[in-house]
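>>> Structure for this input, please:
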Amino acid sequence: MGSMRSFTVLICFIFLPFNTNNAEYNRFITKEKYHYNIISINFKDTIKRTVVDTVKNMHNKTVKNIFSNFYSKFSEEDKEIVTKICNKYNIKEKDFYRLIYKESRGNTKAVNKYSKATGIIQFLPSTAKSLNTTVEDIYNMTMGEQLELTDKYLGKYLKTKDENNYIKLRIAVVFPVALKYINDDYKVILSNETEYGKKVLKYNPYLDLDKDGIVYVTELKKRYNEEEINICM
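As a prediction, the model looks like this:
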């Protein structure tokens, strides 16, 4: 009978607010201690940990489903192209997939309504032109074709003998000009004193970590390091 009461208390409690200062919560705990004498001093923390663990498990399952859906967008032939690209530029495959996930969620027809950037790594119209194509053509390319175009693009900025981590890969796609200054943390990459800087910061304010209207190399590296950690592939 005692174990059944404990189970009942557990079930009832799990739907109460997490805040231990909550009046209803405290009345509940006091009442159960008085009537059943089954709640230890650590009961509140134990249940809170149980609920937190449950939420974490639910989150992990959700994340797993999200990435399972993402990976399903790549055929076996596409994955072979990814492997070829990663071997060529000394990139970890998980970093390459992270890049595509962040840029487009793997949507070959993703289009930025402001810049018109298109495809899996968001090719800008000017970038498409430099690759002898157009964003309209890219929009109609298959995943495999866009991966091959990505290979061509990376060949302009990444040295094949270097170890290219996620930060370098991300900068190569978003701000390739910054690659030459990657070891100069206080080199200014963007500033709202220029028209280009104003435009980029208007649509990407998250890059300016200290909100001073200037983006340094060190801010880019820190931002993309956080991004790498948060995209848990």
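
>>> Where do the strands of the chain begin and end?
188-191, 214-216 (DSSP state E).

>>> which helices and strands does the shortest one pack with?
In terms of contact count using 3 or more CB pairs under 8 Å, 6 or more residues apart in numbering; DSSP states H and E, strand 214-216 is assigned the packing partners strand 188-191. For glycine as for every other residue, the C-beta is placed from the backbone atoms N, C-alpha and C.

>>> Just give me the neighbour total for residue 162.
If you count neighbours by other CB atoms under 10 Å, residue 162 ends up with 11.

>>> just flag whichever of the strands of the chain has the lowest average confidence.
For the strands of the chain, mean pLDDT drops lowest on strand 188-191, to a mean of 88.

>>> Pick the most deeply packed of the strands of the chain.
strand 214-216 (a mean of 21; mean count of other CB atoms under 10 Å).

>>> still on that earlier bit, may I see the strands of the chain arranged in TSV, with distance to residue 208 as well?
Shown next, in TSV, are the strands of the chain (distance: least, CB to CB, whole Å):
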stretch	distance to residue 208
strand 188-191	8
strand 214-216	5
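
>>> can you tell me which of these comes nearest to residue 182?
strand 188-191 (10.4 Å; CB to CB).

>>> just checking, residue 147 touches residue 120?
Yes - using CB atoms under 8 Å, residue 147 makes contact with residue 120 at a distance of 7.3 Å.

>>> Tell me which stretches of the protein form helices.
Here the chain has its helices, by DSSP state H, at 2-13, 23-36, 43-71, 76-88, 93-104, 125-130, 135-139, 143-154, 166-174, 195-203, 217-230.

>>> Of all the strands of the chain, which one is nearest residue 81?
Short answer: strand 188-191, nearest of those by CB to CB, at 30.5 Å.

>>> so what does the closest one touch, helix or strand wise?
Checked by 3+ CB pairs under 8 Å, 6+ apart, strand 188-191 has helix 195-203, strand 214-216 packed alongside it.

>>> Can you list the strands that the last one pairs with?
In this case it means strand 214-216. Note on strand 214-216: by DSSP bridges, its sheet partners are strand 188-191 (antiparallel).

>>> With just CA atoms, put the strand it pairs with into PDB.
The C-alpha coordinates for strand 188-191 follow below in PDB (Å, rounded to 0.1, in the frame of the first residue of the first chain):
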ATOM      1  CA  VAL A 188      37.400  44.200 -39.200                       C
ATOM      2  CA  ILE A 189      35.300  42.100 -41.500                       C
ATOM      3  CA  LEU A 190      32.100  44.100 -41.400                       C
ATOM      4  CA  SER A 191      31.200  47.600 -40.400                       C
END
